[in-house]
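Asks: next come a sequence and a model predicted from it.
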Amino acid sequence: MFAPFILALRAAGVPASITEYLALLRAMKEGVAGFSVDDFYHLSRAALVKDERHLDRFDRVFGEIFKGLESPQGEAPRELPTEWLRKIAEKTLTPEEMKQIEALGGFDALMETLKKRLEEQKGRHQGGSKWIGTAGTSPFGAYGYNPEGVRIGQEESRHRRAAKVWDQRTFRDLDEDEALSSRNMKVALRRLRRFARTGAATELDIPGTIGATAKNGGSLDLHMVPERHNAVKVLLLMDIGGSMDDHIRICQELFTAARSEFKHLEFWYFHNCPYERVWRTNRRRKETERPMMEVMRTYGPDWRLVFVGDATMGPYEIIQPGGSVEHWNEESGEVWMNRLTRHFRKAAWLNPIDQQHWRYTQSISIMQRLMENRMHPLTLAGLESMARELAR
Amino acid sequence: MAQFKGTDNYVASRELEVAVNASVALQRPLLVKGEPGTGKTVLAHEIAKALGYPLIEWHIKSTTKAQQGLYEYDAVSRLRDGQLGDPRVHDIANYIVRGKLWDAFEADAPVVLLIDEIDKADIEFPNDLLLELDRMQFFVYETRKTVAAKHRPVVIITSNNEKELPDAFLRRCFFHYIRFPDRETMEMIVRAHYPDIRQDLLREALNVFFDIRQVNELKKKPATSELLDWLKLLTIEDMPAEALRSSDAKTAIPPLYGALLKNEQDVHLFERLAFLARRRGG
């Protein structure tokens, strides 16, 4: 009955399965949802979505599939009253601009277009981006009309109510490609866990003791095992300063998460591109500096190397000897990168810049090539794919 | 069929009611997630109260094993009894300790079973309970007996998202995400807890509370339970509403902030914000 709905959900990346679909159908049959659309929305959400990160996608698909499905009374499609539009204009336009509008064919003509635009904006497929994107070129954008329509909503709360629940998209923040907190990151980094028993035997091995005691004919024979802990070793090299200032917060969160997640975590800073020296404390850089060769000698190939940086710089900073903006480097960043990736076979690069923009920056493409395509965006999904790759 | 509705003490949204009723009707577990302090655990208590069933709570810790919920075989005391020559030793059933799930299955009337903070346990924990929660029965190897549920219990599972739950487990559950309540709902929640709170105090307190939640740099944003604690303190201290009015989150630290801010970094942040605002103002 709702097969297209399920298929659309799956296409949108919500992993709904047949079991869940059948559960939904059975719940409908039991009459859990009653006869209201809202109830059906709540029920199908409870049955089909199992992760709050997918709630936003669910809302979008639901809106798409069940468009025009409202009860005849109550939640009627809203009209856009002309006074409304006039009010916006009065509020946002200066008298000179009003005169300009007259020149453009009169207020009413303009209102007509604005009304059309507003209706378009309501449509799902437009997603509102058109308004923001073309704000500079459209006649309304030029006069400072607020494209988000927030003002309309606040003026008349009655109309905001009329918006359908799923159209409000209150769960957008939880979609996994968006918000990141250190807690989320910890969850993602947990994939990198590798439990091992090493060190002194401190825990009582109960099954071992029982087995040995039984074999011993009933007299106690105690056995001990070492405690289990995470044996993954992570070396974090972080870009600091310059263009990274925009990403400080997210890097801090990552750092906190990694700190609490890995027992063996070492970190060093570099600027833009790793060269022959790294340092521990940015403020006391000179005192805490260490040659890169020494770092590579200290940490063996069993360490997993994670770079964190935006890789945004002049291309010569990577490929030219002496290309560094801070000092004269004998060997190019490329040589150092190759050296590092050869020594640490498990390596990855986390980039806080939106993946869509990577291809516009030449240095990112170069870095991506040097990393053999192991660059991941610094989002939850990116962290997870990195952790999966490093855990292999 | 028993229906769940919000009670006098617990304000339930319509979506929550639908989710609970669906899981009661289909006898499947209901997985509840949400920000800490939004009333996940309390929900189970309220469901039990609304349905009139007794509540069995199973709190999960990092060391909890799935087997402990079913039963445990106390080998050590059997060993001790064996060495002392106690006659009890001949019946292995004497050393089987029942777990919470067993209690819930063997109850004479339907019960609500709360599995609290399932994400605290090991990653494999939910997988180990798949079959037991699906069929509502399990097999006791030591006594070769099958324990089956007389009445399928209503199972409520809460999670704080510290670990991801396996897909196979999720597929068997209904899911509800407790959203952070908006201002109106929050007012109803407070009224449900403190019916005779002063209107002006409540209004100012909610202003301060939602202002604080606006500050994005906070490590731990205060949630419903923090607000309730704070309001209680304010009423005990008999704080006048004016004392709160000046304390917009940007200009000063709210009185008795200890109930709202649980992290010394957050308190420092507020002191810094207050200092900056004062300097700008003066």
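Replies: Nice, thanks for sending it over. Small disclaimer: the values here were computed from a predicted structure and weren't measured.
Asks: buried set for stretch B:104-114?
Replies: The neighbour-count check on stretch B:104-114 (16 or more other C-beta atoms under 10 Å in any protein chain shown) flags B:104, B:105, B:107, B:110, B:111, B:112, B:113, B:114 as buried. For every residue, glycine as well, the C-beta is placed using N, CA and C.
Asks: of these, which belong to strands?
Replies: Among those, the members found in strands (DSSP state E) are B:112, B:113, B:114.
Asks: what does the domain assignment say about chain B?
Replies: B:14-178, B:183-277 (automatic domain parsing).
Asks: for chain A, which of these is the nearest?
Replies: Closest approach to chain A among the domains of chain B is made by domain B:14-178 (3.8 Å; C-beta to the nearest C-beta).
Asks: rebuild the buried residues of stretch B:104-114 as JSON lines, extending it with pLDDT and distance to residue B:229.
Replies: Formatted as JSON lines, the buried residues of stretch B:104-114 follow (pLDDT from 0 to 100; distance: C-beta to C-beta, whole Å):
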{"residue": "B:104", "pLDDT": "91", "distance to residue B:229": "32"}
{"residue": "B:105", "pLDDT": "90", "distance to residue B:229": "37"}
{"residue": "B:107", "pLDDT": "88", "distance to residue B:229": "34"}
{"residue": "B:110", "pLDDT": "89", "distance to residue B:229": "34"}
{"residue": "B:111", "pLDDT": "92", "distance to residue B:229": "30"}
{"residue": "B:112", "pLDDT": "92", "distance to residue B:229": "26"}
{"residue": "B:113", "pLDDT": "93", "distance to residue B:229": "28"}
{"residue": "B:114", "pLDDT": "93", "distance to residue B:229": "22"}
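Asks: got the residues you listed as a markdown table, with distance to chain A columns?
Replies: Formatted as a markdown table, these follow (distance: C-beta to the nearest C-beta, whole Å):
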| residue | distance to chain A |
| --- | --- |
| B:104 | 21 |
| B:105 | 22 |
| B:107 | 23 |
| B:110 | 16 |
| B:111 | 21 |
| B:112 | 17 |
| B:113 | 19 |
| B:114 | 18 |
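Asks: pretty sure residue A:306 sits in a strand.
Replies: Yes. Under DSSP: H, G, I helix; E, B strand; the rest coil, residue A:306 sits within a strand.
Asks: so how far is chain B from it?
Replies: 21 Å (C-beta to the nearest C-beta, to the nearest Å).
Asks: any idea what that residue is bridged to?
Replies: Beta-bridge partners for residue A:306, by DSSP bridges, are residue A:236, residue A:348.
Asks: quick one: contacts for the residue most central in space within chain B?
Replies: In chain B, the residue lying closest to the centroid (C-alpha atoms, centre = their mean) is residue B:41, at 2.3 Å. Residue B:41 makes contact with B:114, B:116, B:158, according to C-beta atoms under 8 Å, 6 or more residues apart in numbering or on different chains.
Asks: and the nearest residue to the last one once chain neighbours are set aside, how many neighbours?
Replies: Translated: residue B:158. Nearest non-adjacent residue to residue B:158, counting by C-beta to C-beta, 6 or more residues apart in numbering or on different chains: residue B:40, 4.2 Å away. When neighbours are defined as other C-beta atoms under 10 Å in any protein chain shown, residue B:40 has 22 of them.
Asks: what residues are up against residue B:40?
Replies: By C-beta under 8 Å, 6+ apart, the neighbours of residue B:40 are B:32, B:33, B:34, B:158, B:178.
Asks: just name the closest of those residues to residue A:334, please.
Replies: Using C-beta to C-beta, residue B:33 comes nearest to residue A:334 of these, at 46.1 Å.
Asks: ok, the closest one touching residue B:174?
Replies: No. Using C-beta atoms under 8 Å, residue B:33 is not in contact with residue B:174, being 11.8 Å away.
Asks: look at residue B:208 and report its pLDDT.
Replies: Listed pLDDT for residue B:208 reads 81.
Asks: what's the neighbour count on the nearest residue to it once chain neighbours are set aside?
Replies: Spatially, and ignoring its direct neighbours in sequence, residue B:208 is nearest to residue B:254 (5.0 Å; C-beta to C-beta, 6+ apart). Using other C-beta under 10 Å, residue B:254 is surrounded by 24 other residues.
Asks: for residue B:254, what are phi and psi?
Replies: phi -60, psi 150 (degrees, to the nearest 10).
Asks: and it, how far is that from residue B:182?
Replies: Residue B:254 sits 21 Å away from residue B:182, going by C-beta to C-beta, to the nearest Å.
Asks: got it, and residue A:22?
Replies: Taken as C-beta to C-beta, the span from residue A:22 to residue B:182 is 34 Å.
Asks: pLDDT weak spots in chain B?
Replies: For chain B, the stretches flagged by pLDDT under 70 are B:1-2, B:216-217, B:245-252, B:277-282.
Asks: give me that answer again for 90
Replies: Chain B contains residues with pLDDT under 90 at B:1-28, B:33-52, B:61-69, B:72-95, B:106-110, B:117-137, B:140-145, B:147-152, B:159-173, B:176-282.
Asks: which stretches of it form strands?
Replies: Going by DSSP E, chain B shows strands at B:30-34, B:55-59, B:71-73, B:96-98, B:112-116, B:137-140, B:145-148, B:154-159, B:174-178.
Asks: would you confirm that residue B:160 contacts residue B:37?
Replies: No. If you go by C-beta under 8 Å, residue B:160 and residue B:37 don't touch, sitting 10.4 Å apart.
Asks: neighbour-wise, which of these two wins?
Replies: residue B:37 (19 against 16).
Asks: I'd say that one and residue B:224 touch.
Replies: Yes. Using C-beta under 8 Å, residue B:37 is in contact with residue B:224, at 5.5 Å.
Asks: burial check on residue B:52, number of neighbours?
Replies: Residue B:52 - counted by other C-beta under 10 Å - has 10 other residues nearby.
Asks: closest to residue A:211 among the ones in strands among the buried residues of stretch B:104-114?
Replies: residue B:113 (33.9 Å).
Asks: list the contacts for the closest one?
Replies: Counting by C-beta under 8 Å, 6+ apart, residue B:113 has contacts B:55, B:56, B:58, B:100, B:101, B:104, B:153, B:154, B:155, B:156.
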